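Participant: here is my input, please return the structure:
(chains A and B)
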Number of protein chains: 2
Amino acid sequence: MLQPVPKPAAEVSTLMANLGREARNAARVVALASSATKNQALRVAAGAIRKETPAILAANALDVADARARGTAGSFIDRLTLDEKRIEAMARGLEDIADLPDPVGRVLATFERPNGLKIERVSTPLGVVGVIYESRPNVTADAGALCLKAGNAAILRGGSEGMRSSHAIHECLEAGLKAAGLPEAAISLVPISDRAAVGAMLAGLDGAIDVIVPRGGKSLVARVQHEARVPVFAHLEGIVHVFVHKGADLDMAKTIVLNAKMRRTGICGAAETLLVDAACAGTHLAPLVKMLLDAGCEVRGDAATQAADSRVRPASEEDWRTEYLDAIISARVVDGLDAAIDHIETYGSHHTDAIVTNDEAAAARFLSEVDSAIVAHNASTQFADGGEFGFGAEIGIATGRMHARGPVGVEQLTSFKYRVHGAGQTRP
Amino acid sequence: MLQPVPKPAAEVSTLMANLGREARNAARVVALASSATKNQALRVAAGAIRKETPAILAANALDVADARARGTAGSFIDRLTLDEKRIEAMARGLEDIADLPDPVGRVLATFERPNGLKIERVSTPLGVVGVIYESRPNVTADAGALCLKAGNAAILRGGSEGMRSSHAIHECLEAGLKAAGLPEAAISLVPISDRAAVGAMLAGLDGAIDVIVPRGGKSLVARVQHEARVPVFAHLEGIVHVFVHKGADLDMAKTIVLNAKMRRTGICGAAETLLVDAACAGTHLAPLVKMLLDAGCEVRGDAATQAADSRVRPASEEDWRTEYLDAIISARVVDGLDAAIDHIETYGSHHTDAIVTNDEAAAARFLSEVDSAIVAHNASTQFADGGEFGFGAEIGIATGRMHARGPVGVEQLTSFKYRVHGAGQTRP
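Facilitator: Predicted structure coming up:
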């Protein structure tokens, strides 16, 4: 069992550089591996995770005991803690990823040129994916498997608090790779807890890392976005809006708003701000606000919203920019579709935003003009999830506009190349 | 006429920050502009360029005179110099871009979910594109037009030596934007020659720039790749290989090698290294080498190649890593397909590589295993060009694996979003 003992900086730097080189070499092998080989690795790993459940639980118990002894917060302990159900879900997750179609080698476009050249754009792996995560040990399995399925090598750096758990899970992934004849460096786990290891990854390990995916709280993501010298797939926060347009059916608006806010309040697709069209505020605002308050949601509103229910507290300017991740919502009346879009573009985070309306033209404008990764019409914002999109699984949700946007599944973990098929053509 | 007078750093920084803010605001407008509006801007700009040919030539004459007075190299002067033919080509280029299909709003994928949600992945603009270029004033028109067509705002920073020419061309683009009712900041030209302006762009102008495209020599691209804190679409060099496999027809190999090397030696798709399969070296090597030498190409070879013709000079280790961009080629015999792929992966730059063979299985392996943006079978490497690919025009060729790869046309200047169409669905 690895102990989280800090190492001298030079040692960390050498170790990380080696890890990068080995991952790059492994990436070349994994990129050319057949679907059957990659899926065998995933299925054997799933079996190993089931078989090793007692060992994983024992490792996790040590991590949890240490975290408790350090007085770590309860929510952190909850994310860190594994049980048989969570371990079974991890194993099933690997099998689900094995069942997905292979994202590598898809012909994305074909063009025949007048000179007879046939050009294909074909999906290829991205290369080496660095994943930096915090407390949840299951990211070890999920992220490693998604990268492998897409033909990439993964370098995983889990939080030091869960290192024993991650290590136990990683041994099962290694068993899968070994059984399939793939290099173990295809999924490597950074074996040290030093923060300098994260710094080395953010610098790109001398070009060995193609992209970094942070999985964790806002401070981790902010650090990664600020310091990374390589591309990052991430979202800093989800300041998610539901706009109830004058053309909205009140019952549908109530159902969607309640689900968008209260189904789970701690996920990035949870609504944080309710916008109600002035043209329907007279009929829709009070029932929506009452419903939220009655469901145990604190409401912070503008003057109109405060007037609708005496339990509403005043919203400050800061509230419009706040991702509560809790049973709190900010609410205001806006003067029509344009004002709603303006509010979202001013205060939003380009993650997920929804309109409720039966007016198709208004919906079309909202979907077109709101510049967010996911825009929804008459649907809850909590569908912002790779599984719900049918991607099988996701490594995260991205709000950047480069390469990946929205839920990042195996398809977005690929790049492409052009294959040119000729019969001796030369360029005049 | 703007004069290239350096400004105090604080002034540069304020000016660039304003430019960034205005470009970001303009990007929101251009993103929603109709195809007709964007195409009108391009067509009016083309007309203005034709009409203002005398003014553009006069501005260019001043730039050229200054460059000559500074003793600038002849090749630089050639790239800087405009004539009526080059100006007409610029105008036609804008019209060609107007004729392309609109890359924004394409439905890239659609999935119906079991709960009835209909999810579409739709192409959207990227945002703000920074273009940093050197001597060629026509990049002002080409790059500005490509960005506009894809619904992006462009911030163009041309070399100080061509600033008067770029400014005259930019005025024509502004006339087009104005006529179409689009904000002039949709295509802005950095009006100062200070190097600090480039630094500000590489830092991303406080998040205003989404991607940078460098157009110019290796030192410019290297600086941009090294310093940029935003994504870059570029290739540092094109170390392009042609592998003549044992299954190659000699006549086809001669035609392709000659075209790949000698059609134009200064472009990135020009071959720099010839690899000949040991299994056919006895019949193919000497004729290929003789043909190149007779065509005026210097050949630097390994021992076998030197033995094939007394005019061959010895190649050093450095030659395999060199992009000559000249009538020079390195050549060696390799021990079959695997050795050829190894050589390309070791020394290549992942730009464009070709195999000549009638063996389909060998070709398939080459196209799959060589990890380059463009891999070609029985075709010249000089087809590595957006126009030849049918993209209409290109802003450059990228060798990175993120977002864009190969020729970057209007399609790769877009991102995407997800549109979710519901009927009141909530997540269970």
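
Participant: quick one, phi/psi of the nearest residue to A:Leu42 once chain neighbours are set aside?
Facilitator: Distances taken as Cβ to Cβ, 6 or more residues apart in numbering or on different chains put A:Ala98 closest to A:Leu42, at 4.0 Å, once the chain neighbours are dropped. Bear in mind the C-beta positions are built from the backbone N, C-alpha and C, glycine included. As for A:Ala98, its main-chain torsions (degrees, to the nearest 10) stand at phi -60, psi -30.

Participant: for A:Pro314, same thing?
Facilitator: The phi/psi pair for A:Pro314 (degrees, to the nearest 10) reads phi -70, psi 140.

Participant: any idea how far A:Ala41 is from the residue nearest to A:Leu42?
Facilitator: 9 Å (Cβ to Cβ, to the nearest Å).

Participant: just the CA coordinates for the top strand by length along chain A, please, in PDB.
Facilitator: Of all segments of type strand in chain A, defined using DSSP state E, the longest is strand A:414-425. C-alpha atoms of strand A:414-425 as PDB (Å, rounded to 0.1, in the frame of the first residue of the first chain):
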ATOM      1  CA  THR A 414     -11.300  11.600 -30.100                       C
ATOM      2  CA  SER A 415      -9.700  13.800 -32.700                       C
ATOM      3  CA  PHE A 416      -9.600  13.000 -36.500                       C
ATOM      4  CA  LYS A 417      -7.200  12.700 -39.400                       C
ATOM      5  CA  TYR A 418      -7.700  12.900 -43.200                       C
ATOM      6  CA  ARG A 419      -7.100   9.800 -45.300                       C
ATOM      7  CA  VAL A 420      -6.500  10.600 -49.000                       C
ATOM      8  CA  HIS A 421      -7.000   7.700 -51.400                       C
ATOM      9  CA  GLY A 422      -5.500   8.200 -54.900                       C
ATOM     10  CA  ALA A 423      -4.600   6.500 -58.100                       C
ATOM     11  CA  GLY A 424      -1.400   8.300 -58.700                       C
ATOM     12  CA  GLN A 425      -2.700  11.900 -58.800                       C
END
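
Participant: which helices and strands does that strand pack with?
Facilitator: strand A:118-125, helix B:250-262, strand B:374-379 (3 or more Cβ pairs under 8 Å, 6 or more residues apart in numbering or on different chains; DSSP states H and E).

Participant: just those: most buried one?
Facilitator: Mean neighbours per residue, mean count of other Cβ atoms under 10 Å in any protein chain shown, is largest over the helices and strands packed on strand A:414-425 for strand B:374-379, with a mean of 27.

Participant: is the helix or strand just after that strand positioned near chain A?
Facilitator: Scanning forward in sequence from strand B:374-379 by DSSP states H and E, the next helix or strand is strand B:396-398. No - Strand B:396-398 stays clear of chain A (Cβ under 8 Å from any Cβ of the partner chain), getting no nearer than 10.3 Å.

Participant: which other helices and strands contact the helix or strand following strand B:396-398?
Facilitator: Downstream of strand B:396-398, the next assigned helix or strand under DSSP H and E is strand B:406-408. If contacts are counted by 3+ Cβ pairs under 8 Å, 6+ apart, strand B:406-408 sits against strand B:396-398.

Participant: against which helices or strands is the strand it packs on packed?
Facilitator: By 3+ Cβ pairs under 8 Å, 6+ apart, strand B:396-398 packs against strand B:211-215, strand B:406-408.

Participant: quick check: mean pLDDT across that strand?
Facilitator: Confidence for strand B:396-398, expressed as mean pLDDT, is 95.

Participant: give me every residue in the stretch 301-428 of chain A lying close to chain B.
Facilitator: Counting by Cβ under 8 Å from any Cβ, the stretch 301-428 of chain A sits next to chain B at A:345, A:354, A:367-369, A:371-380, A:382-383, A:388-390, A:401-403, A:405-406, A:415-427.

Participant: leaving aside the residues adjacent along the chain, what's closest to the closest residue to chain B within the stretch 201-350 of chain A?
Facilitator: With Cβ to the nearest Cβ, the shortest gap between the stretch 201-350 of chain A and chain B falls at A:Asn259, namely 3.5 Å. Spatially, and ignoring its direct neighbours in sequence, A:Asn259 is nearest to B:Thr426 (3.5 Å; Cβ to Cβ, 6+ apart).

Participant: does that neighbour touch A:Thr255 like I think?
Facilitator: Yes - applying Cβ atoms under 8 Å, one finds B:Thr426 in contact with A:Thr255, separated by 5.7 Å.

Participant: which positions in the helix or strand bottoming out on mean pLDDT in chain A come out as buried?
Facilitator: Of all helical and strand segments in chain A, the minimum by mean pLDDT, DSSP states H and E falls on helix A:74-80, at a mean of 89. Residues A:Phe76, A:Arg79, A:Leu80 are the ones in helix A:74-80 that count as buried (16 or more other Cβ atoms under 10 Å in any protein chain shown).
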